[in-house]
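Asker: Based on what follows, work out the 3D shape:
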Amino acid sequence: MAFLSNFPDRARLLFPGLLLALTIAAAAKFLSEHYAAPVMLFALLIGMAFNFMADQERTSEGVVFASKTLLRLGIVLLGARITLGDIAGIGTSGLVTVASLMALTIGFGFICAKLFSRGWRFAILTGGAVAICGASAALALAAVIPANDKTERNVLFTVVAVTTLSTIAMIAYPVLFGFAGLTDAQSGFLIGATVHDVAQVVGAGYSISTEAGDTATIVKLLRVTLLPVVLIIVALATTNRESGFSQVRLPLFVIGFGAVTLANSTGLIPASVAAVLVDASSWLLVIAISALGVRTNMKAMMDLGWRHVAVIVVETLFLLALAWAAVSSGLAGV
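Answerer: Numbering: from 1, shown residues only. Reported below is the predicted structural model:
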């Protein structure tokens, strides 16, 4: 009852920001349909033009809600497009490859941090963020490692850096993979295995094709699914008893995605309903990407120390090189 009584106030708080994101999404859809260009790219670029509204009191709450909550809901409904057969198509080799890429990237983070005179905490934050799921992984890892006077600053930097690099990758990777002559399945695997944040994975993948987007989403969610395993290992390795293990849990949107995928695979969701859910998912994801664009400030990257930037850029390139080698050698199964 308390939720229902507070709902009108919450709705009024979120409405301006949500309306902004929805308007940008509608404009992006219109331009995409009339100029045959990726809707996600239009949504991102138009959104970035409204970055000045990201921190305004009237719109900030709604923009954050759209970029996080609506994104996760869109991913959940995306399960109506995917079946267990699609996931099985990744194969055992694909799963082993994804896990290996994550482990090697986190390990390389320690080497890279040492080369640029950064600490082990920074290595875990950046290596984990690059290897797993961007800002979400950085925040989760920060909860299980022992904090010091630099932790808050390093977490803030990592969130900004992985979001910025993911945005750049969302635009650059589809073009790069296209020039390289990769198939849609190969491009989707590379995007899912290398781009940091879920939102940008979705944007980059579906800007190429439906097949690439589906593959990218599945591979990315495999990485996200392994987050609790990494958190447990990090917590045990750093013997941080104060953090507790209540943080070590599977993200709810991944569970939701799995539940909808399972229902779709077993025929519990009629084809007509699945089509509606997929269409709703498409709109939610475009709205989320629009809000993400509003929140993206490219200038913030220029104000950070070059050693911090170097660590996370080199880690990102290392992961891309490893994943590309896996695809080229056939280890990825695509």
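Asker: three-state assignment of Val309?
Answerer: Secondary structure, DSSP: H, G, I helix; E, B strand; the rest coil: Val309 is helix.
Asker: Now do the SS call for Ala26.
Answerer: Going by three-state DSSP: Ala26 is helix.
Asker: what number of residues lie near it?
Answerer: Ala26 has 15 neighbours, counted by other CB atoms under 10 Å. The C-beta positions use only the backbone N, C-alpha and C, and glycine is treated the same way.
Asker: Give me the below-cutoff pLDDT ranges for this structure.
Answerer: Along the chain, segments meeting pLDDT under 70 span 1-7, 36-37, 86-87, 89, 239-251, 298-304, 333.
Asker: Please, where are all the strands along it?
Answerer: In order along the chain, the chain carries no strands (DSSP state E).
Asker: What residues sit buried inside stretch 53-65?
Answerer: Residues of stretch 53-65 classed as buried by neighbour count (16 or more other CB atoms under 10 Å): 53-54, 59-65.
Asker: could these be laid out in TSV, adding distance to Thr266?
Answerer: Below are those laid out as TSV (distance: CB to CB, whole Å):
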residue	distance to Thr266
Met53	44
Ala54	42
Thr59	42
Ser60	41
Glu61	38
Gly62	36
Val63	37
Val64	35
Phe65	32
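Asker: Surely Leu277 and Ile269 touch.
Answerer: Yes: using CB atoms under 8 Å, Leu277 is in contact with Ile269, at 7.2 Å.
Asker: what touches both of these two?
Answerer: 80, 260 (CB atoms under 8 Å, 6 or more residues apart in numbering).
Asker: who's in contact with Ile191?
Answerer: Here Ile191 is in contact with 169, 173-174, 177, 201, 204-205, 208, 212, 216, 219-220 (CB under 8 Å, 6+ apart).
Asker: For stretch 28-41, what is the distance to the chain centroid?
Answerer: Distance of stretch 28-41 from the chain centroid (CA atoms, centre = their mean, to the nearest Å) equals 22 Å.
Asker: who touches it?
Answerer: Under CB under 8 Å, 6+ apart, the answer for stretch 28-41 is 42-43, 46, 170-171, 174, 202-204, 206-207, 285-286, 289-290.
Asker: For it, list the C-alpha coordinates in CSV.
Answerer: Written as CSV, here are the backbone C-alpha positions of stretch 28-41 (Å, rounded to 0.1, in the frame of the first residue of the first chain):
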residue,chain,number,x,y,z
ALA,A,28,15.9,8.2,-33.7
LYS,A,29,13.2,5.7,-34.9
PHE,A,30,11.9,8.2,-37.5
LEU,A,31,15.4,9.0,-38.8
SER,A,32,16.3,5.4,-38.9
GLU,A,33,13.3,4.4,-41.0
HIS,A,34,13.7,7.3,-43.4
TYR,A,35,17.5,7.2,-43.9
ALA,A,36,18.2,3.4,-43.4
ALA,A,37,20.8,4.0,-40.7
PRO,A,38,21.1,2.2,-37.3
VAL,A,39,18.5,3.4,-34.9
MET,A,40,20.8,2.8,-31.9
LEU,A,41,23.4,5.1,-33.4
